[in-house]
Each structure stands twice: as C-alpha cells, then as structure tokens.
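Model the following, please.
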Amino acid sequence: MGDQTCCGMLQLGLKKAMPYLLMVGLQCGSAGMYIITDATLKQGMSRYVLIVYRNAIAAISLAPFAFFFERQIRPKMTVSIFLKIMVLAILEPILDQNLSYLGMNLTSASFASAIMNAVPAVTFVLAVILRLEQVKIKEVRCQAKVMGTLLTFAGALIMTIYKGPIINFIWSQKASHLVQSNDPSDKHWLTGTLCILVGCFAWASFFILQSITVKKYPAELSLAFWICLMGAVQSAALTLMAEHHLGIWAVGWNSRLLAPVYTGIISSGITYYVQGLVMKTRGPVFVTAFNPLCMIIVAVLGSIILAEKIHLGSIIGAIIIAIGLYAVIWGKGKDRLSPVQPLTDGKKVGARELPNSTADITKPAS
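Got it, this is the predicted structure:
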C-alpha cells in the first residue's frame with residue numbers, strides 16, 4: 001500500500017513538473033539552434049542554402065503529421081489562401097530568416113537571440129496600426145503592453161548604440177572554441193542590428209497575416225507544411241539567382257548537415273508539438289515566460305563555444321528587453337481573461353489570436 005502511495009505521489013509530482021521540464025528543454029533546443037546556425041554560417045555555409053535545406057526538411061518532417069492528423073478538418077485549398085501562403089513564405093523564410101542569419105553573422109548569436117525578443121512588441125504595434133488590437137489607455141493591461149513595447153524598443157536601441165566594456169566570465173579563458181569569433185566593427189554591428197530588426201518586422205508581419213489566414217484555413221499543421229514547402233521553393237529560386245557556384249549545395253557529415261537537420265526537425269516538428277502540448281494545459285503566457293531563458297543559454301554557450309565577446313551594453317539592453325517582454329505578455333494574458341478580445345479566441349495559439357511572444361507560433365521553421 002505504501003509503495004503504491006509513493007508511486008502515485010511520484011507520478012503526480014512528475015505530471016506537475018512536466019510542463020516546466022518540457023519548456024526548459026524547448027528553450028535549450030532553441031538555444032542550440034542559434035549556436036549551431038551561427039557556427040555553420042561562420043564556417044562558410046551559404047545562408048541561402050541553409051534556408052532551403054531547413055525549410056525542405058521542416059516540410060518533410062511535418063508532412064505525415066499534417067496528412068494523418070488533419071484529414072478530416074483540412075479545408076479545400078483556394079487561390080486566395082494559396083496567395084496568402086506565398087506571402088507568408090516570403091515574410092518568413094525569405095525575409096526573416098535571410099536577414100536574421102545575416103544579422104547574426106555580422107553581430108553574434110547572443111545578440112540576435114536577445115533582439116528577437118522584441119517580436120511581440122513589434123507585432124503589437126502593427127496590430128494597433130491595422131486595428132486588430134484595441135488600446136484603451138485607461139486599462140492597466142493596455143498600459144502594460146504600451147510600456148512593455150517602449151521598454152523593448154529602448155532595450156534594442158541601447159544594444160545598438162552602446163557596446164560598453166567587454167564582460168569576462170569565469171569560463172571565458174578556458175573555453176574550447178568551435179570557431180574563431182570575429183569582433184565585428186561598429187559599422188558591421190549597426191548593419192547587423194538593422195538586419196535583425198527588419199527580420200523582426202517581417203516575423204511580426206508574418207504573425208499578423210497568419211492570424212488572418214488560419215481563420216480561412218483552420219488546419220495549423222497543414223498550413224505550417226505549406227509555408228515551409230513554399231519557403232523552400234522560393235528560397236531555392238533565390239539561391240539560384242544569388243549563388244552561381246554549384247559547390248555551395250554540398251553537405252557532408254559536419255555542421256553543414258547538422259544545421260538544416262537540427263533547425264528543420266528540432267525547431268519545427270518537436271518545437272511545434274511541445275508548444276501545443278503545454279499551451280493546452282498551461283496557456284500561452286506560461287510558454288512565453290521561459291523565452292529569456294533561451295537568451296541566457298545562448299549568451300553562455302556563445303561565449304564558450306563561439307568565443308563571443310559579450311559587452312555591457314548587450315547585457316543591459318537584454319535585461320530591459322526581457323522586462324518589456326514580460327510586460328507585454330502580462331497584458332496579453334489579461335486580454336485572454338477579458339470578455340472583449342480583438343480577435344476570436346481559440347484553443348491554439350496563433351490560430352485565433354495574435355501571439356503573445358515568439359513562442360506563440362504555428363511557424364515551425366523558426
């Protein structure tokens with residue numbers, strides 16, 4: 001009897017801890033995406049080719065799940081929906097991934113992961129402009145979203161214009177580096193930051209259009225599959241125009257193969273499934289609360305593996321962005337409890353409402 005009681009308590013404790021364990025694992029996986037991608041790009045792989053392989057692998061990994069799980073609910077494809085999917089593929093794989101990869105290559109993985117936390121704030125601004133989001137400034141939840149947005153932009157601005165002294169960590173001197181890090185010049189740093197910010201704008205625009213598209217095509221896995229597939233096709237066409245040397249397509253048993261496989265499977269199928277699983281029981285705000293953990297892991301691993309130099313300005317800006325992020329998602333969390341919402345509520349994040357954070361996606365290729 002005692003053994004059964006202990007076993008039951010253990011199972012109950014594990015069940016309660018499972019969402020936390022899954023989210024920590026998810027953030028570790030996301031951090032690995034930044035590190036592996038940055039290392040691969042710095043070792044010379046074309047970002048165009050990486051994007052083609054990444055989205056192709058993502059589409060292949062999603063195809064069987066979309067086919068079997070959504071056979072009964074998948075609506076008929078129309079010209080209007082297909083055109084929206086084509087635009088979504090341009091916004092995400094073409095613009096966001098290309099510019100984010102370029103910006104990461106010119107700055108650092110830790111810097112890019114920190115700036116990407118600005119996506120919810122950019123999405124909020126676009127939603128207000130397009131009147132998909134209502135701002136009642138007298139309400140605390142709206143004040144939190146506005147202040148969070150301003151803090152997020154302030155943090156990004158600080159990271160852009162102020163580098164400050166290099167912060168040396170205990171492990172910095174003994175780090176075993178995978179690639180030799182280059183300290184980018186101020187000119188490249190500014191260019192890289194602008195690329196990441198434009199990538200954020202493209203990603204936020206993707207969220208807006210996705211929230212509209214999924215109402216007409218309420219099959220999230222199938223929609224994600226089509227976006228990845230069209231992204232791979234469009235990226236392949238762009239690569240053929242930008243790169244004329246056939247050798248760039250070659251991969252071996254190295255990071256050139258690991259990067260697209262990892263980002264296509266881990267950052268697509270597994271991430272999508274885990275997010276959906278946790279959100280069903282704990283909601284999107286719980287998921288978004290773990291986002292800064294990815295930023296911290298990337299900063300630590302980046303300094304160890306990639307020999308990245310972390311500046312004081314990046315730390316200050318990242319902290320401010322994290323505070324702004326929590327303010328925005330807190331306000332969005334209160335929206336879910338409000339009787340009046342700007343978009344129809346739904347059980348799956350991204351399906352019926354604007355995302356609270358970069359984690360609230362049916363965009364598996366990110």
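
what ranges do the strands span in the chain?
166-167, 310-311 (DSSP state E).

Tell me which strands the first one pairs with, and in which orientation.
Yep, that's strand 166-167 we're talking about. Strand 166-167 pairs in its sheet with strand 310-311 (antiparallel), by DSSP bridges.

Please list the outside residues in contact with the partner strand.
With contact meaning C-beta atoms under 8 Å, 6 or more residues apart in numbering, strand 310-311 is reached by 110, 163-167, 169, 299, 302-303. C-beta: built from backbone N, CA, C; applies to glycine.

Make a ChimeraX selection of the buried ones in those.
In ChimeraX, a selection of the buried entries from the contacts of strand 310-311 looks like this (16 or more other C-beta atoms under 10 Å):
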select :110,163,299,302,303
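
which of the contacts of strand 310-311 lies closest to residue 13?
residue 299 (31.4 Å; C-beta to C-beta).

Who are the contact partners of that closest one?
Counted by C-beta under 8 Å, 6+ apart, residue 299 has contacts 110, 113-114, 308, 310, 318.

ok, now residue 103?
Contacts of residue 103 (C-beta under 8 Å, 6+ apart): 112, 115, 191-197, 199.

I'd like to know how far residue 91 sits from residue 225.
From residue 91 across to residue 225, the span is 17 Å (C-beta to C-beta, to the nearest Å).

Check residue 321 too.
From residue 321 to residue 225 the distance is 32 Å (C-beta to C-beta).

Pick out whichever of those two has more residues nearby.
residue 321 (28 against 25; other C-beta atoms under 10 Å).

Number of residues surrounding the closest residue to that one other than its chain neighbours?
Spatial nearest neighbour of residue 321, excluding adjacent residues (C-beta to C-beta, 6 or more residues apart in numbering): residue 155 at 3.6 Å. The tally of other residues near residue 155 (other C-beta under 10 Å) stands at 26.

so what pLDDT did residue 173 get?
Residue 173 is assigned a predicted lDDT (pLDDT) of 56.

coming back round to it: would you confirm that the residue nearest to residue 321 contacts residue 314?
No: Residue 155 is beyond contact range of residue 314, at 9.9 Å (criterion: C-beta atoms under 8 Å).

can you list residues touching both of those two?
With C-beta under 8 Å, 6+ apart as the test, residue 155 and residue 314 both reach residue 114.

Averaged over its residues, which helix or strand of this structure has the lowest pLDDT?
Ranked by mean pLDDT, DSSP states H and E, the helix or strand of the chain with the weakest confidence is helix 284-288, at a mean of 67.

Quick check: which ranges of the stretch 51-200 of the chain have low pLDDT?
Along the stretch 51-200 of the chain, segments meeting pLDDT under 70 span 169-187.

what about the helices in the protein?
Secondary structure of the chain (DSSP state H): helices located at 2-42, 47-69, 79-89, 98-106, 109-115, 119-129, 140-161, 186-216, 220-242, 255-264, 271-282, 284-288, 291-305, 312-337.

Just tell me which of those helices ends up closest to residue 248.
helix 47-69 (5.3 Å).

how near is the residue lying closest to residue 167 once chain neighbours are set aside to residue 111?
Nearest non-adjacent residue to residue 167, counting by C-beta to C-beta, 6+ apart: residue 310, 5.1 Å away. If you measure residue 310 against residue 111 using C-beta to C-beta, the figure is 9 Å.

So for those two, which sits in the more crowded spot?
Using other C-beta under 10 Å as the criterion, residue 310 and residue 111 rank with residue 111 on top: 31 against 21.

so how far is residue 218 from that one?
For residue 111, the distance to residue 218 - C-beta to C-beta - is 37 Å.

List the residues that contact residue 111.
Residue 111 neighbours (C-beta under 8 Å, 6+ apart): 104, 159, 192-193, 196, 314.

Point out where the stretch 251-366 of the chain drops to low pLDDT.
In the stretch 251-366 of the chain (pLDDT under 70), the answer is 268-269, 272, 276, 279-280, 283-285, 288, 336-366.

Please repeat the previous calculation with a cut-off of 80.
Residue ranges of the stretch 251-366 of the chain with pLDDT under 80: 267-289, 291, 307, 332-366.

For residue 243, what are phi and psi?
phi -120, psi 130 (degrees, to the nearest 10).

Do I have it right that it meets residue 48?
Yes: contact criterion C-beta under 8 Å: residue 243 and residue 48 qualify, at 5.8 Å.

Tell me which of these two has more neighbours.
Neighbour totals were compared for residue 243 and residue 48, and residue 48 leads with 20 against 15 (other C-beta under 10 Å).

ok, that one to residue 163 distance?
Residue 48 is 29 Å from residue 163, by C-beta to C-beta.

Repeat that for residue 228.
Taking C-beta to C-beta, one finds residue 228 at 36 Å from residue 163.

Pipe the helices of the chain into a markdown table and attach distance to residue 249 per row.
Converted to a markdown table, the helices of the chain look like this (distance: least, C-beta to C-beta, whole Å):
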| stretch | distance to residue 249 |
| --- | --- |
| helix 2-42 | 14 |
| helix 47-69 | 6 |
| helix 79-89 | 20 |
| helix 98-106 | 17 |
| helix 109-115 | 24 |
| helix 119-129 | 31 |
| helix 140-161 | 35 |
| helix 186-216 | 24 |
| helix 220-242 | 8 |
| helix 255-264 | 10 |
| helix 271-282 | 26 |
| helix 284-288 | 36 |
| helix 291-305 | 26 |
| helix 312-337 | 35 |
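
most packed of those?
Highest mean neighbour count of those: helix 109-115, a mean of 29 (counted as mean count of other C-beta atoms under 10 Å).

from the middle of its chain, how far away would it be?
The chain centroid and the centroid of helix 109-115 are separated by 11 Å under C-alpha atoms, centre = their mean, to the nearest Å.
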